[in-house]
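Novice: just to be clear, the model below is a prediction. Sequence and coordinates:
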Amino acid sequence: MVRKPSSSETRRTFVKSLGVAGTVALAGCGGTGGDGGDGGSTGDAGSESYEITFWELFSGGEGPIMESIVNKFNEEQPLDTSAEVTINRQRTPWNEYYNKLFTALSGDQAPDMAVMHAAYLRAWGGGVDSIGQYVDTGTFQDDYTESHWNLVTVEDNVNALPMDLHPIGVYYNKDLFEEAGLDPESPPTNWSEFEEAGNAVAQNTDAAAFTQSPYNDGFGSFRTWSTWVKQQGGSLYDEEWNPTFDSEAGMNIAQLFSDMTGDMGWAPATSEDTWGNNAFQNGSCAMAMNGTWYVAALSGVDDLNWGFFEPTVGPNKQQDKVWADGHSIVLPKKEGRSDKKSELAARAAHWMTTENPSWGAEAGHLPAANSIYESDAFQNSPYYDKTLNKYVGMAEDGDYFYHPKVPNGDPNAQNWYTWLVDIWAHNAEPQAGVQSGIETVSSGISE
């Protein structure tokens with residue numbers, strides 16, 4: 001979920017030297033970070049004290065949970081070592097985060113650990129150290145689900161340790177369902193029921209029926225669009241990374257977006273970036289497609305009677321497929337960081353990703369660690385019966401597909417997918433919009 005303007009020649013030269021050609025860059029960045037190496041009392045001088053700098057991008061309900069995990073680490077000192085190891089957490093807003101990380105890498109000011117979306121692990125491969133350089137990843141592998149482990153493995157290299165999966169689903173307003181004459185406890189399970197529900201809301205209430213992304217953003221729209229494209233049997237790329245979503249399935253869902261804000265009357269034809277979130281949270285939109293993270297935002301909304309259903313409700317469905325990505329923790333390349341400090345950072349990342357059920361129970365994500373699924377904290381989560389059990393069911397059924405880890409560029413870039421917002425807002429016809437998308441994505445990958 002990051003914007004990517006055009007690259008400069010200097011930037012391209014540097015990134016290609018790292019093997020991360022075309023990776024995300026944003027206008028402006030929020031300062032530098034890192035400590036330039038171990039330095040001072042951080043370990044190499046024999047002080048038995050290490051400060052691990054850690055960058056993350058979490059906000060909303062996720063931010064305080066990550067803060068609590070770091071505080072717990074610093075208080076409990078859970079690593080089996082005589083040294084004192086502390087994590088210095090620094091948060092950057094997601095729309096600045098990857099640009100700041102890129103800038104830090106270029107100036108050798110990278111943190112010791114950083115959060116990274118799994119979809120970036122191939123394009124950023126030259127900018128991160130393989131975890132296996134510092135610890136025996138074979139001793140970690142069985143701690144994680146096979147799906148999560150595969151998500152962070154690129155060409156047999158374990159480039160990160162997985163934290164979670166965060167797929168999408170449909171959040172719905174039970175009160176609006178009832179007002180529309182629908183059973184609020186029986187949400188849609190297929191296209192026919194989904195279409196019936198949307199039409200009932202549009203015809204019998206003053207509310208909007210559906211938002212493809214609460215923030216009406218490019219990548220949020222792509223998550224919904226690609227999910228329904230895949231459900232129709234469509235593909236996104238061929239083996240040579242050429243976009244293939246100008247297929248019949250891609251055009252069908254592009255036309256559906258246009259129809260939803262056109263003849264179907266399900267939502268306004270707008271490009272306003274917050275309309276869907278505002279409408280859903282104030283009770284004037286009945287259904288919103290969004291990811292696991294949305295529960296943390298909705299938990300703070302008073303008097304919102306919401307439910308959740310699986311997004312496998314696309315038209316002409318041939319298979320159950322749902323978009324998912326995952327957060328992971330990487331060790332960015334950093335001159336001067338000792339092998340000992342790198343080992344401790346890897347072990348800290350392992351603890352963070354396997355010993356903290358709150359990341360699933362409170363943040364709403366699907367945890368990467370096998371043990372967490374059976375924990376009381378996860379099973380007794382206030383979200384378990386509302387969302388988590390359904391997300392787990394989709395995982396067990398093998399419904400998730402991951403956005404391909406493209407060799408270059410930023411697959412989560414907002415400007416790769418603004419054409420979908422243009423179609424939604426009737427600023428572009430579906431065919432012209434999709435063709436624009438093919439050209440934009442092709443250019444982004446080939447830079």
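Specialist: Noted; the coordinates are in hand. Numbers count the residues shown, from 1 in each chain.

Novice: only C-alpha atoms from now on, for both contacts and neighbour counts.
Specialist: Noted.

Novice: residues near the closest residue in space to residue 191 that isn't next to it in sequence, how many?
Specialist: Nearest non-adjacent residue to residue 191, counting by Cα to Cα, 6 or more residues apart in numbering: residue 313, 4.6 Å away. Applying the criterion other Cα atoms under 10 Å, we find 21 residues in the vicinity of residue 313.

Novice: for residue 278, same thing?
Specialist: Taking other Cα under 10 Å as the criterion, the count of residues near residue 278 is 14.

Novice: and the gap between it and residue 309?
Specialist: Summarising the geometry, the distance separating residue 278 from residue 309, computed by Cα to Cα, to the nearest Å, is 20 Å.

Novice: quick one: residue 55 is in a strand?
Specialist: Yes. If the criterion is DSSP: H, G, I helix; E, B strand; the rest coil, then residue 55 is within a strand.

Novice: give me the beta-bridge partners of it?
Specialist: Beta bridges link residue 55 to residue 90, residue 114 when assigned by DSSP bridges.

Novice: what about it, neighbour count?
Specialist: The number of residues packed around residue 55, counting by other Cα under 10 Å, is 25.

Novice: the one 3 residues further on too?
Specialist: Here the neighbour count serves as a burial measure; for residue 58 (other Cα under 10 Å) it reads 19.

Novice: now do it against residue 414, distance only.
Specialist: Taking Cα to Cα as the criterion, residue 58 is separated from residue 414 by 18 Å.

Novice: let me see the contact set for the residue nearest to residue 191.
Specialist: Contacts for residue 313 were tallied using Cα atoms under 8 Å, 6 or more residues apart in numbering; they are 188, 189, 190, 191, 194, 228.

Novice: quick check on it: phi, psi?
Specialist: Per-residue torsions, residue 313: phi -120, psi 20 (degrees, to the nearest 10).

Novice: that older thread, can you check the contacts of residue 313 and name whichever has the most neighbours?
Specialist: Ranked by the number of neighbours (other Cα under 10 Å), those place residue 228 first, at 29 neighbours.

Novice: that one contacts residue 319, doesn't it?
Specialist: No. Under the criterion of Cα atoms under 8 Å, residue 228 is not in contact with residue 319, lying 9.7 Å apart.

Novice: so where do the strands sit in the stretch 251-400 of the chain?
Specialist: Taking DSSP state E, counting those that start in this stretch as the criterion, the stretch 251-400 of the chain contains strands spanning 285-291, 306-309, 322-324, 327-332, 366-367, 400-402.

Novice: a markdown table for these, including mean pLDDT and mean neighbour count?
Specialist: Below are these laid out as a markdown table (pLDDT from 0 to 100; neighbours: other Cα atoms under 10 Å):
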| stretch | mean pLDDT | mean neighbour count |
| --- | --- | --- |
| strand 285-291 | 97 | 27 |
| strand 306-309 | 98 | 21 |
| strand 322-324 | 94 | 23 |
| strand 327-332 | 97 | 27 |
| strand 366-367 | 94 | 28 |
| strand 400-402 | 89 | 18 |
